[in-house]
Structure formats: C-alpha cells, structure tokens
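Visitor: I need the structure of the sequence given here:
(one chain, ligands or ions: 1)
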Amino acid sequence: MEETLVLIKPDGVLNKKVGKIINRFEDKGLKIKGMKMVWIDEEMARKHYNHLQEKVFFDRLLKYITEAPVIAMVICGKEAIEVVRTMAGETNPLDALPGTIRGDFALDIEDGNMIHTSDSKENAEREKELFFLKDEIFNY
Ligand code: CMP
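Guide: Sure, this is the predicted structure:
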C-alpha cells in the first residue's frame with residue numbers, strides 16, 4: 001500500500017483542529033502507521049522545504065512552520081498520496097472547496113493552510129525519512 005507524509009501544521013495545532021483532521025483520515029479508511037508531535041527547527045524546515053527556497057514566500061514559510069509544533073503522520077492506503085491531497089484541497093484556502101480540510105478549516109494563506117501532504121512518491125519517501133525512524137513505523 002502507498003504511504004504519504006502528512007503534517008498538521010502549527011495553525012492546525014494552535015486552532016485545536018488536530019482531532020477533527022485525524023478523524024477524516026480514519027473515516028476515509030486510511031491507516032496511521034506513524035504519528036508524533038514535533039517542533040520543527042529552522043534546519044529541519046530548510047530540509048523539508050528545500051525545493052521551495054527560491055520562492056518569495058520562503059522566509060515567511062520558515063517562520064510559520066517553526067512557530068509551534070506540528071503533528072507528523074505516516075498515512076497509508078490505496079493511492080494514499082493522491083487521496084490525501086484531494087482531501088486537503090487546493091494549497092490556497094481561498095481556492096479550496098468546502099468539504100476539503102483547507103476549504104473547511106482555513107481562509108487566508110497568510111494565516112496558514114492547516115496541513116502539508118507529500119506531492120509525489122519521491123517526496124513522500126524523502127519526507128518520511130526526515131520525520132521518522134524505520135522502527136517508529138507500525139506495520140498492520
Ligand atoms: P505545503 O503543502 O506545505 O507546501 C508548500 C507550502 O508553501 C504550502 O503548503 C504553503 O504553506 C506555502 N505556500 C505556498 N504558496 C504560498 C504563498 N503564495 N504564500 C505563502 N505561503 C505559501
């Protein structure tokens with residue numbers, strides 16, 4: 001089964017949406033194979049988002065993702081990468097449809113967009129290794 005890395009970002013933790021977001025993944029039938037609360041430091045943030053370092057919003061992104069802890073999860077299921085991306089909705093909450101996580105729980109990208117989800121198999125592997133050791137992953 002395919003695996004993806006999900007982060008419930010600082011705005012999700014600070015706005016107490018953690019339980020609601022996890023519920024959606026479990027209700028969908030996806031399995032949580034790993035989960036932990038992590039306070040990302042600048043070094044880790046630069047690694048996680050290194051493909052975005054040329055973007056104008058990069059400094060803001062570093063500040064946002066390090067302002068409070070995130071919930072990191074390895075989520076598994078059939079076509080998990082695409083399924084979780086669809087459940088998350090468009091990156092900009094203004095474009096995210098109702099029924100999606102960003103559509104329901106976020107409004108302005110300046111205030112955050114609630115979750116991060118891996119956008120490819122390659123990035124899922126890289127991001128899982130950044131957040132989890134092999135023996136922290138549960139095999140059902
Ligand atoms: P994420 O799915 O984690 O992937 C890259 C992140 O960059 C994205 O979610 C947002 O948090 C952030 N991001 C993307 N576009 C913008 C933008 N225009 N302004 C601020 N942050 C952005």
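Visitor: quick one: the lowest-mean-pLDDT helix or strand in the chain to chain centroid distance?
Guide: The weakest-scoring helix or strand in the chain, judged by mean pLDDT, DSSP states H and E, is helix 42-48 (a mean of 93). Distance of helix 42-48 from the chain centroid (Cα atoms, centre = their mean, to the nearest Å) equals 14 Å.
Visitor: In terms of secondary structure, what does the helix or strand following it contact?
Guide: Next in sequence after helix 42-48, counting helices and strands by DSSP states H and E, comes helix 58-65. If you count contacts as 3 or more Cβ pairs under 8 Å, 6 or more residues apart in numbering; DSSP states H and E, helix 58-65 packs onto helix 10-14, helix 42-48. (Each C-beta comes from the backbone N, C-alpha and C, glycine too.)
Visitor: does any part of the longest one sit near the ligand?
Guide: Right, the one you point to is helix 42-48. No - using Cβ under 6 Å from any ligand atom, helix 42-48 never reaches the ligand; the gap is at least 8.4 Å.
Visitor: go on, stretch 91-100?
Guide: Yes - contact of stretch 91-100 with the ligand (Cβ under 6 Å from any ligand atom) involves residue 91.
Visitor: quick revisit: can I get the helices and strands packed on helix 58-65 in CSV including mean neighbour count?
Guide: Shown next, in CSV, are these (neighbours: other Cβ atoms under 10 Å):
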stretch, mean neighbour count
helix 10-14, 19
helix 42-48, 14
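Visitor: List the contacts of the least confident helix or strand of the chain.
Guide: If you take Cβ atoms under 8 Å, 6 or more residues apart in numbering as the criterion, helix 42-48 is touched by 40, 53, 61, 62, 65, 66, 127, 130.
Visitor: Which of the residues you listed sits closest to residue 87?
Guide: residue 127 (17.2 Å; Cβ to Cβ).
Visitor: helix, strand or coil for the closest one?
Guide: Classification of residue 127 into helix, strand or coil gives helix, according to DSSP: H, G, I helix; E, B strand; the rest coil.
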